Structure formats: structure tokens, C-alpha cells
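Participant: dropping a prediction and its sequence here:
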Amino acid sequence: ISRDGGDNNNFRGAMKPTPHLARCPYVQQVIAGIGEVFGRSRFMRLAAGCEVVEHVDYHYHWQHHVRIHVPVVTNPAVDFHCGDAVVNMQAGECWIFDSWRRHRVVNGGSETRTHLVLDTAGSSRFWETVRRAQAAEAAGTPLAPHVVSWEPQARPEILTERYNLPPVMAPGEVDHLTEDLIAELRAVPANDPARLAVTEQLMRDFCHDWRALWYRHGIHPAGWAHYANLVARTSRSMPDADPPLLLATLSEAKAVFSARVLSVALSRDVYEDYAGRSPARAEPAIPSASAAAETPASTAATRGEARCPCGSGLRYRHCHGAERPAR
């Protein structure tokens, strides 16, 4: 599942099943059996003896989405680290994890690991299932697995996202994202109070000015240049603190505010979806499947200086594109 059903790496915009999914009828039944609305979803592989380096997924997509992992090909030496926990996900199981914690994956085995990964915000039914599963695990009585049996004649409907990002973010969401970040920064005792106060004021000034522009222009193109100028001005004004202001995950405040708010507050490219049109788009290629990175299973291009799409804030070649043997 990808933007417009193409071979691209985009998180945002109208998501559609790809021709690749059309050739996988049982995978269609597995996805439909979960019964949620899905965003970008794909097979991802990790070569033998390699790892996904430690990182935090902190950009806007992960504010509302969770990633479902279904191991397809794995081995006992594949370890998923998240916070202080380490698990070996068994083939056919269904897992989620807290992507706001620092996490990494190590494939210490001799064969390539392949997972089906599905991004969703999750309905109330989904999160009720999560709560029941957590309670059952805590009680030592895990829920009985639900097996999705192959039905040769079944052609299920798969629900996909269309409106996962507004062309111009509403002021209420800008306020929420910003205040949530400020609360996280205040919770770190090592952050310098004076530098934190300056950063807080800049963030709140952005919120006030964004609301003023919104009340005049809403989502309409006449206001886009004004929104873009405000984003650029705020980005230039954010100080490079030394030492940097950090969240509990050791992520830098400036990078997180940029990824979570500034970079998505104005998203002109999705306006056509809201207007009911579907113009052709030139999409960037997916990063190549490096032998040492967790990458889509069918890729052809390489990514050099671009930021890693995982949201870590690192250059791709220093993050999921790093050729790094497992420790």
C-alpha cells in the first residue's frame, strides 16, 4: 500500500493498494482480517548478520500511527530491542511496539528476515484488542491466536487512508503538538532553563501567528505563501543550543519540532486530494535494499544525503542505509 499505489516511499497523501498486492491474494486476506484503515504498508527485510541502527521515530506520521509487524521469514537470532525490552518475534505472530522509545533490530542469523509491516492509526476496536492483549499477558494468560485461514475465492476489501495529512494544519493540532513537545522538554532535568524558555517562546509565537493566518486564509492557496514564510522564519529563529535541548529519548528539540510540526504544517501537495482531484505526481524512488538496512523488499535506487524516512533525523546513509554488521 503506497501513495497512489506507486513505487514510492511517501507517508502522506492518498494511499492505495499497489499492483504488487494484487498478486498476493493471501496477504490481502491477512490485511483485511485485521480490519483497520491502513497507510503505507510493505514487506521489509533485514539481511543476515546485519542490524537496523538504534533510532526514534519522532516525525508527524508517528504521532498518530502504529506499525504492526507480522514476521514472515525469521529465525531465533533476530532480536527486536525497544527501550529495555528484547523480543524474538515468531513467524505468523502480530506485534506492535512503542516507536517513541529508542529501538533497533539485530539479525544475528544466517538468513534474511522478512516482515509484513502495516501502518495504521487504529480504531477503538483495534485499541481495545491491544488493551485486552496487554492485560492477558500481564496475567500470564495470553489470548488465543486468531489464525487467518486461506480462502481461495475470497476477495476482501482493504481500507486505505486518503486524508492522513491536511494541506494546512489546523491551529488546534499545531497547539497540541507544540505543547506536548514543550511538556516533554520540561520533563528533562538536564535542559537549561534559560535556553528552554527562549525555545518555548519561539514555539508559542509560531502557534499564535499560525492561528492568525488560519483565521484569514484557512486551507486555501491564497494563504500558502504566508504560511510558508512563517515556517521558514521560525525555522531560522530556532537556536542551535549547546548543549542541545533534549527529550527523554535523547532526541534534539529543534529536530523534533521541525519533523513533527514545521515540516508538515503546510503540505501543499495533498491539497488536490481534499479538492477531489487526483493529478499525476512525480514520486521519489524508494531507497535501495541495503544489505545492512531494514528496507522495502523491492527497491532500485539509493539514498545519499536525504534524511532517513524513519524520522530519526539522521542522514539515510547514517541510519537505515548504514552498512553495519550486527554486534
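Facilitator: That came in fine, so what should we check first?
Participant: which residue ranges form the helices in the stretch 151-300 of the chain?
Facilitator: Per DSSP state H, counting those that start in this stretch, the stretch 151-300 of the chain carries helices over the ranges 171-186, 193-217, 224-237, 253-257, 263-265, 271-275.
Participant: can you tell me the average pLDDT over the second one?
Facilitator: Throughout helix 193-217, pLDDT has a mean value of 96.
Participant: likewise stretch 67-78?
Facilitator: Averaging pLDDT residue by residue across stretch 67-78 gives 97.
Participant: just the CA trace of it, in PDB.
Facilitator: Output in PDB follows, covering the C-alpha atoms of stretch 67-78 (Å, rounded to 0.1, in the frame of the first residue of the first chain):
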ATOM      1  CA  ARG A  67       3.300  -0.100  13.000                       C
ATOM      2  CA  ILE A  68       2.000  -3.700  13.000                       C
ATOM      3  CA  HIS A  69       4.800  -6.300  12.400                       C
ATOM      4  CA  VAL A  70       3.900  -9.800  11.100                       C
ATOM      5  CA  PRO A  71       7.100 -11.900  10.700                       C
ATOM      6  CA  VAL A  72       7.100 -14.000   7.600                       C
ATOM      7  CA  VAL A  73      10.600 -15.300   7.400                       C
ATOM      8  CA  THR A  74      12.600 -15.100  10.600                       C
ATOM      9  CA  ASN A  75      15.000 -17.100  12.800                       C
ATOM     10  CA  PRO A  76      15.700 -17.400  16.600                       C
ATOM     11  CA  ALA A  77      18.600 -15.000  16.300                       C
ATOM     12  CA  VAL A  78      16.500 -12.000  15.200                       C
END
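Participant: grab the nearest non-local neighbour of Gly218.
Facilitator: Closest residue in space to Gly218, ignoring its immediate chain neighbours: Val168 at 7.0 Å, by Cβ to Cβ, 6 or more residues apart in numbering. Any C-beta I mention is one placed from the backbone N, CA and C, and that applies to glycine too.
Participant: what do you get for Gly83?
Facilitator: Arg101 (4.1 Å).
Participant: count of residues packed around that neighbour?
Facilitator: 15 (other Cβ atoms under 10 Å).
Participant: now it: how far from Phe38?
Facilitator: Using Cβ to Cβ, to the nearest Å, Arg101 is found at 23 Å from Phe38.
Participant: got it, and Asn10?
Facilitator: 14 Å.
Participant: one more: Arg260?
Facilitator: 22 Å.
Participant: give the helix, strand or coil label for Ala136.
Facilitator: helix (DSSP: H, G, I helix; E, B strand; the rest coil).
Participant: oh, that last question was meant for Val70, not what I typed.
Facilitator: Going by three-state DSSP: Val70 is strand.
Participant: who does the nearest residue to it once chain neighbours are set aside form a beta bridge with?
Facilitator: Distance criterion Cβ to Cβ, 6+ apart; nearest residue to Val70, sequence neighbours excluded, is Leu116 at 4.3 Å. Judged by DSSP bridges, the bridge partners of Leu116 are Phe43, Val70.
Participant: tell me how many other residues surround Leu116.
Facilitator: The burial count for Leu116: 19, using other Cβ under 10 Å.
Participant: which parts of stretch 225-240 are buried?
Facilitator: His226, Tyr227, Leu230, Val231, Thr234, Met238 (16 or more other Cβ atoms under 10 Å).
Participant: of all the residues you listed, which comes closest to Arg162?
Facilitator: Using Cβ to Cβ, Tyr227 comes nearest to Arg162 of the buried residues of stretch 225-240, at 22.2 Å.
Participant: tell me the spacing between that closest one and Leu266.
Facilitator: Distance from Tyr227 to Leu266, by Cβ to Cβ: 4 Å.
Participant: next one: Gly92
Facilitator: Applying Cβ to Cβ to Gly92 and Leu266 gives a distance of 42 Å.
Participant: which one's more surrounded, the two?
Facilitator: Remark: of Gly92 and Leu266, Leu266 carries more neighbours, 23 against 13, as counted by other Cβ under 10 Å.
Participant: quick one: residues contacting the more buried one.
Facilitator: Pro167, Val168, Met169, Trp224, Tyr227, Ala228, Val231 (Cβ atoms under 8 Å, 6 or more residues apart in numbering).
Participant: how about CSV for these, with distance to Val198 added?
Facilitator: Shown next, in CSV, are those (distance: Cβ to Cβ, whole Å):
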residue, distance to Val198
Pro167, 31
Val168, 27
Met169, 24
Trp224, 29
Tyr227, 23
Ala228, 24
Val231, 19
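Participant: which one of those sits closest to Val86?
Facilitator: Of those, the one sitting nearest to Val86 (Cβ to Cβ) turns out to be Met169, at 36.8 Å.
Participant: give the contact list for Arg186.
Facilitator: Counting by Cβ under 8 Å, 6+ apart, Arg186 has contacts Leu196.
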